[in-house]
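Student: A structural model of the following input is requested.
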Amino acid sequence: MMKTIVALACLLLASLAFAQPNPTNKKQTTVEPITVTGTVMKMTTEEGAAANYQPFKTLVVRQDRSNTPGTYVLKGPGNVVNNNGEVIKTAIKPGTRVRVYYVNMGDSRVVDHVVVE
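Tutor: Have a look, this model is predicted:
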């Protein structure tokens, strides 16, 4: 009789140990909306060919519709890519066709990225 009571008690404890939690007891989380404010910046592009002289970390582009070259300062790696979006790590050769994506900020042009064609 004692073995039967012990066996029943073990079965009861085992069933409680492997019991699944009740799916109705899910913890509910609420997502609060946030408001982001800032200045909208218009992205601009220029197309042309890389000029003969390129100062360090600077890209000089002879624009298609102008005789005066545009000068763009390149800061940081990864902002010069080819048409497939792959990063270019070599120097841009003079005469290479490029498209520069930039934002005007005061008197300077901040480059987002350059696509080498």
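Student: could you export stretch 36-52 as CSV, CA atoms only?
Tutor: Included here for stretch 36-52 are C-alpha records, laid out as CSV according to Å, rounded to 0.1, in the frame of the first residue of the first chain:
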residue,chain,number,x,y,z
VAL,A,36,11.0,62.4,-34.2
THR,A,37,11.7,66.0,-35.1
GLY,A,38,14.4,67.3,-37.3
THR,A,39,15.4,69.2,-40.4
VAL,A,40,14.5,67.8,-43.8
MET,A,41,17.5,67.8,-46.0
LYS,A,42,17.2,67.6,-49.8
MET,A,43,19.6,65.2,-51.4
THR,A,44,21.1,66.5,-54.7
THR,A,45,23.2,64.7,-57.3
GLU,A,46,25.8,65.9,-59.8
GLU,A,47,27.3,63.9,-62.6
GLY,A,48,30.6,64.4,-64.3
ALA,A,49,34.1,63.1,-64.7
ALA,A,50,36.8,63.0,-62.1
ALA,A,51,39.4,65.8,-62.7
ASN,A,52,43.1,65.3,-63.1
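Student: what residues of the helix or strand where Gly70 lies count as buried?
Tutor: Counting by DSSP states H and E, the element that carries Gly70 is strand 69-73. By 16 or more other CB atoms under 10 Å, the buried positions in strand 69-73 come out as Pro69, Gly70, Tyr72. Yep, even glycine has a C-beta here, placed from its N, CA and C like the rest.
Student: what's the burial count for the nearest residue to the second one once chain neighbours are set aside?
Tutor: With CB to CB, 6 or more residues apart in numbering as the criterion, Gly70 has its nearest non-adjacent residue at 4.9 Å, and that residue is Val61. A total of 24 residues lie near Val61 under the criterion other CB atoms under 10 Å.
Student: can you classify Val61 as helix, strand or coil?
Tutor: For Val61, the reduced secondary structure class is strand; criterion used: DSSP: H, G, I helix; E, B strand; the rest coil.
Student: quick check, pLDDT for it.
Tutor: We note a pLDDT of 82 for Val61 in this prediction.
Student: for it, list the residues it contacts.
Tutor: Counting by CB atoms under 8 Å, 6 or more residues apart in numbering, Val61 touches Glu46, Gly48, Ala49, Ala50, Ala51, Pro69, Gly70, Thr71, Tyr72, Val98, Val100.
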